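K.L.:
below is the sequence, then the predicted model.
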Amino acid sequence: MPPGQGKIMYSKLLFVRTAGIALCVSLSFGFAESGAWAQQPSNATNTVKSEHAADRALARSVRKALDRQKGLDIDDVRILAKHGEIGLDGTVPDGSQLQTVSSVAASVPGVKAVHSYLSVREEGN
């Protein structure tokens, strides 16, 4: 490994982890500001569980729709669903796929909004 290469790899890993944490925090604030969390009844455990199940089902539906789309490489795309809002995080191989992934996700029944934090994968990664 060339001198300094380890620092570059560590910096990239640190950046990816930091970006992931920032995504989670920003989605949390976005959902809180939109009132999505405020709509939950205070002592409705069954309602919360059913909402979590619905979120997981919606994320799976989005994943399936993306998998069916020819030519998309979504191996490094993470999908988060919360009350009908979809968060997309990760990388795609080229810029043409950025809009396609968001459009396909938005077309899934039950999706109210799509928040894309996708970026183009660096060559060699």
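P.N.:
Cool, the structure landed.
K.L.:
use CA for all of it now, contacts and neighbours both
P.N.:
Noted.
K.L.:
show me where this structure has strands.
P.N.:
Ranges of strands in the chain, per DSSP state E, are 77-82, 85-92, 113-120.
K.L.:
quick one: which of those is nearest Lys70?
P.N.:
Among those, strand 85-92 comes nearest to Lys70, with 13.9 Å by C-alpha to C-alpha.
K.L.:
and for that closest one, what's in contact with it?
P.N.:
If you take C-alpha atoms under 8 Å, 6 or more residues apart in numbering as the criterion, strand 85-92 is touched by 20, 23, 27, 59, 73-74, 76-81, 98, 102, 105, 111-121.
K.L.:
let me know the angle separating it from strand 77-82.
P.N.:
170 degrees (axes from the mean of the first three to the mean of the last three C-alpha atoms, to 10 degrees).
K.L.:
any idea of the mean pLDDT in stretch 89-103?
P.N.:
Taken as a whole, stretch 89-103 carries a mean pLDDT of 94.
K.L.:
what about that stretch, how long is it end to end?
P.N.:
Terminal residues of stretch 89-103 are spaced 14 Å apart (C-alpha to C-alpha, to the nearest Å).
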